[in-house]
Structures are given as C-alpha cells and as structure tokens.
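**Q** what's the 3D shape of this:
(chains A and B)
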Protein chains: 2
Amino acid sequence: MRVDLGNALDTVASPGIPRDALDRLDERVADAHERIETGRENHEHGYESLNLPQTTDADEIRTAVESFADAETVLTVGIGGSALGAATLAHGLESDVDAYFLDNVDPEHVSSLLDSISLSDTAVNVVSRSGTTAETLANFLAVRDAMESDGVDWTEQTFVTTGEEGNLRNLAERHDLPALDVPDGVPGRFSVLSTVGLACAAIQGHDIDAVLSGAQAEANRLSGSLFDSPAYAYGTACYALDERGAGINAMMPYAESLETFAEWYAQLWAESLGKDGLGQTPVRALGATDQHSQLQLYRAGPRDKMVTFVRPTEREDCAIPETDLPGLEYLGGQNLGTLLDAEFEATEASLAESSQPSVRLEIDRVDEYGLGELLYCLEASCVLAGELYNVETFIQPAVEWGKRAARGLLGGGDFDEADSVADKSTLVIE
Amino acid sequence: MRVDLGNALDTVASPGIPRDALDRLDERVADAHERIETGRENHEHGYESLNLPQTTDADEIRTAVESFADAETVLTVGIGGSALGAATLAHGLESDVDAYFLDNVDPEHVSSLLDSISLSDTAVNVVSRSGTTAETLANFLAVRDAMESDGVDWTEQTFVTTGEEGNLRNLAERHDLPALDVPDGVPGRFSVLSTVGLACAAIQGHDIDAVLSGAQAEANRLSGSLFDSPAYAYGTACYALDERGAGINAMMPYAESLETFAEWYAQLWAESLGKDGLGQTPVRALGATDQHSQLQLYRAGPRDKMVTFVRPTEREDCAIPETDLPGLEYLGGQNLGTLLDAEFEATEASLAESSQPSVRLEIDRVDEYGLGELLYCLEASCVLAGELYNVETFIQPAVEWGKRAARGLLGGGDFDEADSVADKSTLVIE
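**A** Below is the predicted model of the structure:
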C-alpha cells in the first residue's frame, strides 16, 4: 500500500508539517522502531500484536470452525475489540454467509435480531478474553435461551474464543464446545489478525491466509525510517499534525465496504492514544456520502483537524446508462466508479485549496490481501504514534471506573463508584 | 422531552459553564428567539424549516404514495439531506416494509444492493431538489436500468420528491409519476419533517401525524428564555462549551435504533455551523458499544469535547435468563434494558467524575412522537446556536468548489477547479 503525505506539508496546509520537521522526527522514529522491535522480540504485552501475521495459525482456526461449514449465518457475540475486527472483515468482503454482531445490550435490538435470523442455521461465536464481560455474557444467555426455545441444540452450534481460563473456557469444557484461544499479549483492539478477528471470516469462506499475507507485507516494511515505511509515515504525520493543532482525525474511506473499518480505526485510535490529556479524536466519515454532510465543516470550519482518505484504486465497476436528461448527458456512458474517483480527487483538492491538511492511504483493492495491509498498517501507525506521544498504548484504564459503577448499580458487589452515580448534578429544562 | 445541563456546569466540568454565564447568555437567547420568530413569520429561507410541523400536509404525502401500499421495500435514491432524515425515521422505527438508501456512488455497493432486493416489489423515491445532483441521478439511471432488465415497469413504481422545476419534475410529467414538492425555504438537512423525510415513513406504515405532533410539541416550547425551552437550552450549552474549548460534540444515544439519528445530527451540525472558522465537530457514537471504544478518550483525553447523551426512558425489555456461571449470577433474572440503563448512568457519572462535560437529552420512547420531538429539538438548537455564533446557518458554500471540480473532471464543462486537481503535491511512501 501507499501513503501520500503531500497534502499534509506546510507548503499546502495550515496546520501543516514543515519538511525539515519530518526529517528531525525521523530520528525519533528510528528510536521508536528500535523500541517496537525489542517489544516484538520479547513478546511484550501489546507489541506482540505486531507479530500476529507470523504467529496466527490459520489452519487451527479453520479446523476449529470446520463443523460450521454449512452455517448460513454467523453470529458474533462480543463487544469492542471482540467484535469490531471481525465486523470490519465481514463488512469489507462479500460472502454468501451472513454475519451479524451482538455488540450492544439494547433489548429491542437483541430481540429483533434473534427474531429475524434462523437460529438453526446459525453458528454462534462468543468472544471475551476474560469470560466475564457483562454485555457479552448477558447477550449469550439471551441467545442460548432463544435457541432452546426454537428447539435448537445450542451446544452443536456454539463455539467460544476466550482466554486460558474463566467462564467461557469452563463452559466450553463442560459442553465440549470448540474453543479458540485469544492470544496472550494482544489487546482486543489489536486482535483482528488473530483468532478473534479471523474465525468469523473463516466461516464466511474468506481467504484468511491472504489477510495474513497482506499484513505480513506491511510488517516487512517496518523500518528505522518513516520514509521507507507507510505505517510509520502515517503515524508520524498524525502525531506531527496533532502537535500543530489537528486534534481531530477524520477517517474517510471512499468505499462503502470500508465503513466498519472506520469504526475499527476509531476504537484503535481512541483507546490506544486517548490518555494523559493527549490523543486525537477519531471521526468516522464516508466518501462520497459525507461530502454532502461533513465537507462544509472540514473545509470552512476551525483548523483543528486532518482528513485521512482511504482509496482503493481498483474495483468492480458499474456503468451509468446513457441519458437524455438535460445537463446530465456527461454522466451517461461513464461508470459509477469513475464518478466516485472524480469525487475523491475533487474533495482532496478542495481541502488542499483551502489549506486543510489531508493524508491519502491507497490499497489496490478491498479484498483479503488489501484489508490485511490496511489493518496492519494502521495498527503499526498507532503503536508508532504511541511511542511519539510517550503514552502507554496498550492499556485502557479509564473504562474501568464505569464498569465498576455499572456493576455496583446492578447489585454485583459493593463499589464506591456506584454511590457517586446518585450524586448527579441536575439542571433540567423541560 | 427533557434536557439536563447539570453535568455541563463549571461546578462539575472543565470546560464547564458558570451558572451566571448562562444567565447572561439568556439575554442573547431572547434576541435570537426574536430573530427566529421573525424569520418564521416571514417565511425566510431556513427559518421556514421550523414551521414544518404546521405546514407539512400529511394527507398529501399519504395520497402521493398510496399506490405503493403493497410495496415490500422502499428504496430512497438521494444523498445528504435528501436521504438522512428518511433514514433516521426508517432505522428508528420498526416496520415490515424494508427501507434501503442509495446515498453513495460506490459501484460495488450499488450493484450488490440492486441484486439483493426484489425490484418488482420495490417503491423507488428519487429525491433531489434541483434534479441535477450527479450522484442521485447516476444512481437513478442505474436503478431504472436494473428495473428494465428485470422486466419491471419502472414508471409504475417510481415517484419523485423535487423542486418546482428541473429534470426530475420534467421526468415525472413525461411519465406521469407521482411527484411530491420539496418545500421552499427548507435546506436539505432541515427537511426531515417535510415530504423529503416523511414519504418513506408513510410507505413503511408509520404514523407521520405523530411525528409532526411530537415536533409541534417542541415548537410550542420555543420561548425567549433557554430555561423554558429544551431546544434553546441545548443549543446554548453547546455554544457556551465550544467557546470554552469543547470544539467536539460526541452524540451518544443509548439505543441502537438511534444510530442513524446520530448521523443526521452530524450533518445538521457540521453543515449549519461549520463555517467562518467556527463550528463544533460532530462525532457519532453509540451507547453502550462505544464505552468499549471511545470512552477511554472521552474520559482521559484532551479537554476539547462534550458528550451528548440521548436516552429513551422506556422501551420493550428482554429478560436475561438465570445463570449459574460464576460471578455472573447478579445478571441472571435482570433485564437487558436494566443493564443498558446502568451502563448509561455509569458512563455519565464516569465523565462527571473526571470533570468532562456532558448533556443529557431524554425522550420517553423511540417512537414516532419521540422522534418528532428529538428531531425538531435538535433543529431548533442548531438554529439558535447559529444565531449565537452569528454564522449563516442555512447555506453550505464550501461544498460547491468540489462539485465544480468533480464535474470538470468528468467532462461536464470547463471549470478551473478541475485544473487545480492536477496540481496535487505528493510525498509518497510505499
């Protein structure tokens, strides 16, 4: 894949990066790369994620799910990093096997989804490293109940992806369910290239070896200089633009199939870098649709943001029929893809013309290999950025307070956090 | 509906609004309200949008679409404000009639959608005020072609929603298609309560009178003081927090059915207020899912944002079955809705505990009336905020440059903007 920083330089944009600042930052990239390589070699927590293209055993995944070869639907029960990687692949790639995700505890949504799918043809993957995630376990209990109500033997159609011990591991042992290991040292948001992201893809019939090959190709490009590594170039540009005021990073793929990828990126970025008062705010956008929604702000609003375009350079196209509608003759006989490409080029130029910074990421196609490249590139960019920010990329301490408060409110134990919920200040207007 | 500003005050949050600053701002709200009322009375461009609960003729909409009473699917072809309002209602409310939207020109997506629906059972609504929107017309040409290929008489199943003249109007006259008028003075992003947003809802069997009644209830609450009007209270709080550094506004509904509402809000906010170097950046989030994605950043990242929670206080619930899984007994026998409510309360308190500002918007239910309240409230908030920012809320000049560039690139005329696309600066790393 390719990264183009041309429109992020200060010769184009404000905020923009001076070319010599990039050269100076490259020394820090060399140090960060050394730190990252040490972390990978020593299998340190988090850094181990960047080894997944080598360590993930595709055969093991295929074997674990082979009993679900006839499933017409695969339902992943998980939340956050336990769902977003699999969802990114499922929504990025076409398959005859439908994929659904229970990644929220909205009762109306859960009921409606369970009513709408044929549970007897559904493989269920319950994903939680700890085996205790409240949302996931509650949803699993609801799914199991629905299967029993439909006369479906849930033990025949369920598998788990979890850590070495815990509730889900015990459940799998008790009922002889297939079980995949969540690898050690890999936080959820970095787990797409492991069992966590790839089991669903395998059931959908996708070529998971090609995903890993694409990722490995990007791994091979990590080097001591941002000028030799697309991943490091992107991570450095984001950091350098944020330092200069671009606290917002809008991810705008020009492909509908990458809409969920933008959500995956938003978790990766927010949870890894959002700490110690630092971190860009990720915004999910979609080209060309959001030209008619967000572009006004991106072009004419505050100079506090950068836009990241993701553009596949090849795709199946679809002809626009000839037309005699006045003023639209120019469209007839062209392709929708040509129109989409023109919109992309125009939007990128439109931001540059108003001196708003953007970066272009290009892959050849939205296929298994291209997604592998893109996902690994963003993960390595994020790890590199974390080194530059000097934050602890692989932890997420700020979500714990709320978890304890919720658990206390539900009667799951005594937690001071639950008491402070009652102290809410109010100023109600109705 | 209710707005609670308690957690946006400086006694809780930083940035936060001093209580006396709100009192002072209330004088500006009184002036702004007068301006808005004058605009509504004189049917001025944009302000007229706030009259829609009175001026929209629900019977006219029902009559126009009555020939589609047997449709199993309704396909809206439109982009930006021509699609997002209808999509918000479609995704907010359950129906036996499926709704799809062609709001992008991704060829793979268009082909895949047209292959997957039964066009002979589909009502097609082509929405463009001008009748010249390139994406919409190109998609319509593709849809018409697909219908003809399937032996479907497209003239029997298509209607248009458009301005008084233009391509779509001519098309409707030539082929005797039902045609709905886009009302004058209503920009696309403010059109959900007009023909543009409600035709699809009517075909889906929703009670569009109740949508308008909910909206009217909020209209009745507009007054010269923010302390008497939920809409003005919210608009003022956003403006006052932005002034103090909260340049990002994350919209986080606790209901899956409001996910598209957050997109609708993002267009409303970005295109109305993002100009002259001003405007909050809207971010779309979803509770409880994004607690496992964005919350780390919201709680521990830069103090540059506010979170807007939207919470329905009533919903159909779904029991969590009893369980003997160790440590999860506390969940068994509760409801998913109780869990979701606890997560909401915990997340709100967690932000307050770390002094990050938030605002709570409450509706009773996600139903026609509740959505009417919520949509009108946000529109009036946005208009009020535009008055406080002193920007031209109802125009979107910054999207024009890119449109001309794209048209030039496609051979649709000579435009200087197209030439400047070729000048792109590059710094490629691959």
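
**Q** Where does residue A:127 fall, secondary structure wise?
**A** Taking DSSP states H and E as the definition, one finds residue A:127 inside strand A:122-128.

**Q** what residues does that strand touch?
**A** By C-beta atoms under 8 Å, 6 or more residues apart in numbering or on different chains, the surrounding residues in contact with strand A:122-128 are A:65, A:68, A:71-78, A:82-83, A:86, A:136-137, A:140, A:143, A:147, A:154, A:157-162, A:166, A:168, A:182, A:196, A:199-200, A:203. Just so you know, the C-beta spots here come from the backbone N, C-alpha and C atoms, and that holds for glycine as well.

**Q** And the residues you listed, which of them are buried?
**A** A:65, A:68, A:71, A:73-78, A:82-83, A:86, A:136-137, A:140, A:143, A:147, A:154, A:157-162, A:166, A:168, A:182, A:196, A:199-200, A:203 (16 or more other C-beta atoms under 10 Å in any protein chain shown).

**Q** now, which of the residues you listed lie within helices?
**A** Using DSSP state H, the subset of the buried ones among the contacts of strand A:122-128 located in helices is A:86, A:136-137, A:140, A:143, A:147, A:154, A:157, A:168, A:196, A:199-200, A:203.

**Q** Briefly note if stretch A:66-83 comes near chain B.
**A** Yes: using C-beta under 8 Å from any C-beta of the partner chain, stretch A:66-83 comes into contact with chain B via A:79-81.

**Q** which of those lies closest to chain B?
**A** Nearest to chain B out of those is residue A:80 (C-beta to the nearest C-beta; 2.7 Å).

**Q** In CSV, list the ones in helices among the buried ones among the contacts of strand A:122-128 along with distance to chain B and pLDDT.
**A** Supplementary listing: these in CSV, determined by distance: C-beta to the nearest C-beta, whole Å; pLDDT from 0 to 100:
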residue, distance to chain B, pLDDT
A:86, 14, 98
A:136, 10, 95
A:137, 5, 93
A:140, 9, 96
A:143, 10, 97
A:147, 11, 97
A:154, 12, 97
A:157, 17, 97
A:168, 9, 94
A:196, 13, 98
A:199, 19, 98
A:200, 17, 98
A:203, 20, 98
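
**Q** For these, work out which two are farthest apart.
**A** Spatially, the most separated pair among those is A:147 and A:196, at 22.6 Å (C-beta to C-beta).

**Q** Just list the residues touching residue A:335, thanks.
**A** Going by C-beta under 8 Å, 6+ apart, the list of residues near residue A:335 reads A:317-320, B:107.

**Q** looking at those residues, which has the most residues close by?
**A** In terms of neighbours by other C-beta atoms under 10 Å in any protein chain shown, the contacts of residue A:335 top out with residue A:320 at 27 neighbours.

**Q** my guess is that residue meets residue A:336, correct?
**A** Yes: assessed by C-beta atoms under 8 Å, residue A:320 is found in contact with residue A:336 at 6.1 Å.

**Q** and the gap between residue A:419 and chain B?
**A** Residue A:419 sits at a distance of 10 Å from chain B (criterion: C-beta to the nearest C-beta, to the nearest Å).

**Q** out of everything not next to it in sequence, what's closest to that residue?
**A** Excluding the flanking residues, the one nearest residue A:419 by C-beta to C-beta, 6 or more residues apart in numbering or on different chains is residue A:408, at 7.5 Å.

**Q** helix/strand/coil for that neighbour?
**A** With DSSP: H, G, I helix; E, B strand; the rest coil as the basis, the three-state label of residue A:408 is helix.

**Q** Report pLDDT for it.
**A** In this prediction, residue A:408 carries a pLDDT score of 93.

**Q** can you count the residues close to it?
**A** Neighbours of residue A:408 using other C-beta under 10 Å come to 20.

**Q** Contact partners for it?
**A** Contacts were defined as C-beta under 8 Å, 6+ apart; by that measure residue A:408 touches A:414-419.

**Q** so residue A:360 touches residue A:7, yeah?
**A** Yes: contact between residue A:360 and residue A:7 holds when scored by C-beta under 8 Å: they sit 7.2 Å apart.

**Q** neighbour count winner among these two?
**A** The neighbour count for residue A:360 versus residue A:7, taken as other C-beta under 10 Å, is higher for residue A:7 (26 against 22).

**Q** wait, what's in contact with the more buried one?
**A** Neighbour list for residue A:7: A:13, A:348, A:351-352, A:357-360, B:424-425 [criterion: C-beta under 8 Å, 6+ apart].

**Q** Kind regards, and thank you for your time.
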